[in-house]
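Visitor: what follows is a predicted protein model with its sequence.
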Amino acid sequence: MLTALRSRVDATWWLARESPQAARWDSGALLLVGLLLLTLDVRMVGSDVPLVDVPGGPVPWQAGLLVVATTVLLGKRTHPVGALVGVTVLTLADAALGGSLGMYLVLFDAIFTVAVRASGRPRAAVLGTLTALVVATPVAAVVAGLGTQDVAQLTLVALALLLPPWWWGTDVRRSQALAAEQARRADAERARADLAREHADDVARIAALDRVRAVQDERARMARDLHDVVAGHLSAVAIHTGAALNAPPDTDRDRAALTAARTGALDALTEMRAMILVLREGAAPDATTAPAGLARVRDLDLDVLGDVPDALPAAVDHAAFRILQEAATNARKHGAGRATVRCTRDGSTLALVVENALPEHATAPADPALSSSTGLQTMRERAAALGGTLTAGPADDVWRVRATLPLTPTPEDPR
């Protein structure tokens with residue numbers, strides 16, 4: 001009990017001191033304090049006249065009872081009610097010898113321990129007994145013929161001696177339960193946080209898998225497009241060569257057929273090389289799904305100026321739409337209003353120009369943590385994969401993205 005004085009303030013500390021060593025410290029401290037009070041002849045409040053005469057005086061006997069009581073108190077953690085019963089018997093014996101304050105402190109600790117540790121029914125029985133003793137005290141005093149002042153004093157003494165340890169123990173028990181509930185809630189919150197993190201990780205993994213699957217699906221579509229384009233060229237080669245072989249020899253017609261076959265074969269090789277370059281560059285797992293081509297440019301959040309070139313090589317068609325898709329997002333980020341796009345075909349080059357008016361009032365630069373800056377890099381890599389170039393930045397009060405894509409491969413013509 002003495003080592004639990006701070007539990008009134010700090011219930012967490014009370015939970016931390018729940019060990020067998022604490023009971024030994026309590027018993028030892030109470031024994032030393034009780035012996036010191038006996039030595040100083042500090043008695044209980046009220047009459048200190050012994051009810052029985054014992055040889056050698058009451059003090060040595062009271063010291064012995066105190067030693068026994070503090071020894072019984074060692075079992076208060078596991079048997080709080082039993083310890084209280086034993087201490088109560090010893091306290092009555094001590095009272096017959098005149099009573100000592102040290103023994104009352106032991107009784108105080110025993111009552112306190114029952115209030116803190118005992119289960120429901122034993123606690124109710126002890127509380128009922130204490131209440132009955134408090135009520136019986138003034139009744140007994142009146143029956144004994146004591147005056148009103150003495151009855152009042154005895155009642156107050158009974159209240160002061162029996163109820164404070166129970167009140168204090170009940171308060172500590174409530175604080176202990178509250179601390180345990182708070183710990184349980186904290187554990188539940190940590191468990192929910194762990195589940196939320198696991199869910200977020202699962203969502204991130206699913207999103208990554210979706211991105212990879214989207215890239216794989218698009219690569220498969222691009223491969224099918226390559227197959228269709230190359231198959232068309234090779235079919236033309238087969239038709240021209242078949243016609244030349246089935247007809248009588250004719251130098252001019254045969255050379256024309258060979259020229260058409262060579263042109264179709266070169267076109268097939270060109271398409272194949274360009275598409276393979278794009279497929280290799282598109283292997284990054286964080287790439288977004290590539291669209292079908294410039295035929296869908298009007299689906300973007302852009303105003304299309306002029307006509308859109310058609311009959312483009314499949315690889316260039318895919319790369320151009322992908323660049324415009326990213327450029328639309330880039331224009332909304334840096335400009336104001338709706339952006340415009342112009343697609344022009346100049347001989348062997350496709351030019352894409354996306355423009356958007358700059359805001360009238362300068363805004364603070366975006367936090368780097370909120371922008372990964374991968375949009376421009378992705379567009380540049382897409383253009384570079386085909387041997388083209390891409391620039392982006394403010395120009396003449398507009399934000400401009402310009403891409404130039406060659407319609408034929410930059411390496412030597414395969415022959």
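Guide: Received, thanks.

Visitor: checking residue 353 next. Helix, strand or coil?
Guide: When classified by DSSP: H, G, I helix; E, B strand; the rest coil, residue 353 comes out as strand.

Visitor: can you show me the helices along the stretch 151-300 of the chain?
Guide: For the stretch 151-300 of the chain, applying DSSP state H, counting those that start in this stretch gives helices covering 251-281.

Visitor: low-confidence regions, it specifically.
Guide: For the stretch 151-300 of the chain, the stretches flagged by pLDDT under 70 are 215, 218-219, 221-233, 235-236, 240, 270-271, 273-292.

Visitor: what's the burial count for residue 93?
Guide: By other C-beta atoms under 10 Å, 17 other residues sit near residue 93. In this view, the C-beta of every residue, glycine as well, is placed from N, C-alpha and C.

Visitor: who's in contact with residue 31?
Guide: 66-67, 70 (C-beta atoms under 8 Å, 6 or more residues apart in numbering).

Visitor: what about the nearest residue to residue 117 once chain neighbours are set aside, neighbour count?
Guide: Closest residue in space to residue 117, ignoring its immediate chain neighbours: residue 80 at 4.5 Å, by C-beta to C-beta, 6 or more residues apart in numbering. When neighbours are counted by other C-beta under 10 Å, residue 80 registers 24.

Visitor: quick check: residue 80 touching residue 113?
Guide: Yes - Residue 80 lies in contact with residue 113 (C-beta atoms under 8 Å); the separation is 4.7 Å.

Visitor: out of the contacts of residue 31, which sit inside helices?
Guide: 66-67, 70 (DSSP state H).

Visitor: which one (most neighbours) among those?
Guide: Neighbour max across these (other C-beta under 10 Å) = residue 70, 27 neighbours.

Visitor: separation between it and residue 87?
Guide: 9 Å (C-beta to C-beta, to the nearest Å).

Visitor: with residue 132 instead?
Guide: Taking C-beta to C-beta as the measure, residue 132 falls 18 Å from residue 87.

Visitor: got the domain ranges for this protein?
Guide: 2-191, 291-415 (automatic domain parsing).

Visitor: ok so, going back, what do residue 70 and residue 87 both touch?
Guide: Joint contacts of residue 70 and residue 87 (C-beta under 8 Å, 6+ apart) are residue 106.

Visitor: next one: residue 107 from residue 165, what distance?
Guide: Distance from residue 107 to residue 165, by C-beta to C-beta: 8 Å.

Visitor: same thing with residue 200?
Guide: Going from residue 200 to residue 165 by C-beta to C-beta gives 52 Å.

Visitor: and for residue 354?
Guide: Distance of residue 354 to residue 165, computed by C-beta to C-beta: 84 Å.

Visitor: among these two, which residue is more densely surrounded?
Guide: More crowded of residue 354 and residue 165, by other C-beta under 10 Å: residue 354, with 26 against 23.

Visitor: just checking, the more buried one touches residue 335?
Guide: No - using C-beta under 8 Å, residue 354 makes no contact with residue 335, being 9.5 Å away.

Visitor: what stretches of the stretch 1-150 of the chain score poorly on pLDDT?
Guide: 1-20, 44-54, 56.

Visitor: let's see it at 80
Guide: Across the stretch 1-150 of the chain, the ranges flagged by pLDDT under 80 are 1-23, 41-58, 98-99.

Visitor: could you pull out the strands in it for me?
Guide: In the stretch 1-150 of the chain, no strands are defined using DSSP state E, counting those that start in this stretch.

Visitor: measure residue 179 to residue 260 for me?
Guide: Distance, residue 179 to residue 260, by C-beta to C-beta: 91 Å.

Visitor: distance of the residue nearest to residue 107 when sequence neighbours are not counted relative to residue 35?
Guide: In space, and not counting its chain neighbours, residue 107 is closest to residue 91: 4.8 Å by C-beta to C-beta, 6+ apart. As for residue 91, its distance to residue 35 is 16 Å (criterion: C-beta to C-beta).

Visitor: what's around residue 216, how many residues?
Guide: 14.

Visitor: how about the contacts made by it?
Guide: Residues near residue 216 by C-beta under 8 Å, 6+ apart: none.

Visitor: comparing residue 132 and residue 87, which shows the higher neighbour count?
Guide: Neighbour comparison, residue 132 and residue 87: the larger count goes to residue 87, with 25 against 10 (by other C-beta under 10 Å).

Visitor: the more buried one contacts residue 113, correct?
Guide: No - look at residue 87 against residue 113 with C-beta under 8 Å: they stay out of range, at 9.7 Å.

Visitor: residues in contact with the residue nearest to residue 307 when sequence neighbours are not counted?
Guide: Spatial nearest neighbour of residue 307, chain neighbours left out: residue 343 (7.9 Å); criterion: C-beta to C-beta, 6+ apart. Counting by C-beta under 8 Å, 6+ apart, residue 343 makes contact with 294, 297, 304, 306-309, 320, 350-352.

Visitor: wait, the residue nearest to residue 107 touches residue 103, no?
Guide: Yes - counting by C-beta under 8 Å, residue 103 is a contact partner of residue 91 at 5.4 Å.

Visitor: report the set of residues contacting both of those two.
Guide: Common neighbours of residue 91 and residue 103 (C-beta under 8 Å, 6+ apart) are residue 69.

Visitor: which one of those two is surrounded by more residues?
Guide: Taking other C-beta under 10 Å, residue 91 and residue 103 do not tie; residue 103 has more neighbours (27 against 20).

Visitor: okay, now the residue nearest to that one when sequence neighbours are not counted: neighbour count?
Guide: Nearest non-adjacent residue to residue 103, counting by C-beta to C-beta, 6+ apart: residue 94, 4.2 Å away. By the criterion of other C-beta under 10 Å, residue 94 has 26 neighbours.

Visitor: what sits against residue 94?
Guide: The contact partners of residue 94, by C-beta under 8 Å, 6+ apart, come to 62, 65-66, 69, 100, 103.

Visitor: tabulate the residues you listed (CSV), appending distance to residue 208.
Guide: CSV is the format used below for the contacts of residue 94 (distance: C-beta to C-beta, whole Å):
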residue, distance to residue 208
62, 80
65, 77
66, 74
69, 71
100, 77
103, 74
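
Visitor: wait, which of those residues is closest to residue 23?
Guide: Nearest to residue 23 among those is residue 69, at 13.5 Å by C-beta to C-beta.
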